[in-house]
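Novice: sequence and predicted structure below; questions after.
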Amino acid sequence: MKRRLAFAFSLLAIPAIADTQAVIDSHILPRHGEFVAATSALASVAENDCTADALKPAFSDAYDAWISISHIQFGPIEEQGLGLAMSFWPDPKDSTGKAIARLTSAKDPIVESADFGEVSAAAQGFTALERLLFDPQPDADYACALTQAVANGLVDKAESINAAWPGFAGLMTEAGNDRFQSEEEVNRALYTALSTGLEFLHDQRLGRPLGTFERPRPRRAEARRSERSLRHIELSLAALEELATTFYSGDLNLTKSAFADARARAAALDDPALAGVADPSKRIRIEALQRTVRDIQNAVNTEIGKPLGITAGFNALDGD
């Protein structure tokens, strides 16, 4: 009897651990692979038919794949400096619109060149592609060439990042190298991706369009032209919950409950572009969702950060 009790207590004493390998194998690598496939499909459609109607389904699938991995802003994407070139948002100075207008007005031949990756990051990636597909274009032929250049550029970036991930993953799983001197540094990188992803969701994806009660900012919602603002929130919640539950093996009852609450609130909004921030009767529900994201942040800190003895470090995903 004493031996059985001692064994039971020994099990209770086993500390919860962070599982880096599980995150790499079931979260990071598969999602990057899906991103390559989705961008390749997008570029293929663009080459055959660059009209908005033909491209919108593939655009949506590729954008989904990006949002679902966009919280992983360390590793190859950081080393290659490609974060903003994937999605130039927030964009308070309308750099995307200005960059596209400059290229279009000049009919810049760089769209036909291998040097397209050297143009402003604001003219690359999903935010630029959304403008091209959902805003009227004064020059249909040039818009087609620019659309194809952006789509091909997304494939190149996705493939480059994906190809570099296995090597970087090796640095994570074999800590004691120039990049990760200890397992604690690896844990901090993953925890920062989770924490900062939640912060970005709270402060940017929800906070920017909410503005203040006296001055809501519905036109600042991410991907409002394509009416994907709410979808990005839902995709982010799903991806971040998967990261949390894959990364940490301990008790996550508070975290899971908070995520479930947030997902239910988002599903009930029926407001794809978050236009309801300007309607007091709808705004209150969006504010409630934002508060629930804060609940997730607090739960993650309590159930993951504190037991592991880590806090979030700097992450390039922080909005301006």
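Specialist: Perfect, thanks for sending it.
Novice: where in the stretch 1-150 of the chain is pLDDT low?
Specialist: 1-16 (pLDDT under 70).
Novice: please apply the same query to the stretch 201-320 of the chain.
Specialist: Using pLDDT under 70, the flagged stretches of the stretch 201-320 of the chain are 312-320.
Novice: pull out the buried positions in stretch 193-212.
Specialist: When neighbours are counted by 16 or more other CB atoms under 10 Å, the buried residues of stretch 193-212 are found to be 193-210. Just so you know, the C-beta spots here come from the backbone N, C-alpha and C atoms, and that holds for glycine as well.
Novice: what of stretch 57-76?
Specialist: Applying 16+ other CB under 10 Å to stretch 57-76 flags 58-76 as buried.
Novice: helix/strand/coil for residue 175?
Specialist: coil (DSSP: H, G, I helix; E, B strand; the rest coil).
Novice: report the separation between it and residue 33.
Specialist: 24 Å (CB to CB, to the nearest Å).
Novice: the residue nearest to the spatial centre of the chain: what's it in contact with?
Specialist: Geometric centre of the chain, nearest residue: residue 70, 2.5 Å, by CA atoms, centre = their mean. Residue 70 is in contact with 86-87, 197, 236, 317, counting by CB atoms under 8 Å, 6 or more residues apart in numbering.
Novice: out of those, list just those in helices.
Specialist: Judged by DSSP state H, the contacts of residue 70 include 86, 197, 236 as members of helices.
Novice: export those as TSV, with columns for distance to residue 219.
Specialist: Putting those into TSV (distance: CB to CB, whole Å) gives the following:
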residue	distance to residue 219
86	22
197	24
236	20
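Novice: tally of neighbours for the closest residue to residue 61 other than its chain neighbours?
Specialist: Using CB to CB, 6 or more residues apart in numbering and skipping residues adjacent in sequence, the residue nearest residue 61 is residue 38, 5.0 Å away. Here the neighbour count serves as a burial measure; for residue 38 (other CB atoms under 10 Å) it reads 23.
Novice: thought residue 38 was touching residue 57?
Specialist: No - taking CB atoms under 8 Å as the definition, residue 38 is not a contact partner of residue 57, at 11.0 Å.
Novice: care to break the protein down by domain?
Specialist: Each structural domain of the chain that the record assigns through automatic domain parsing is listed here as a residue range: 19-165, 183-310.
Novice: reformat those domains as TSV; add distance to residue 171.
Specialist: Written out in TSV, the entries for those read as follows (distance: least, CB to CB, whole Å):
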stretch	distance to residue 171
domain 19-165	9
domain 183-310	8
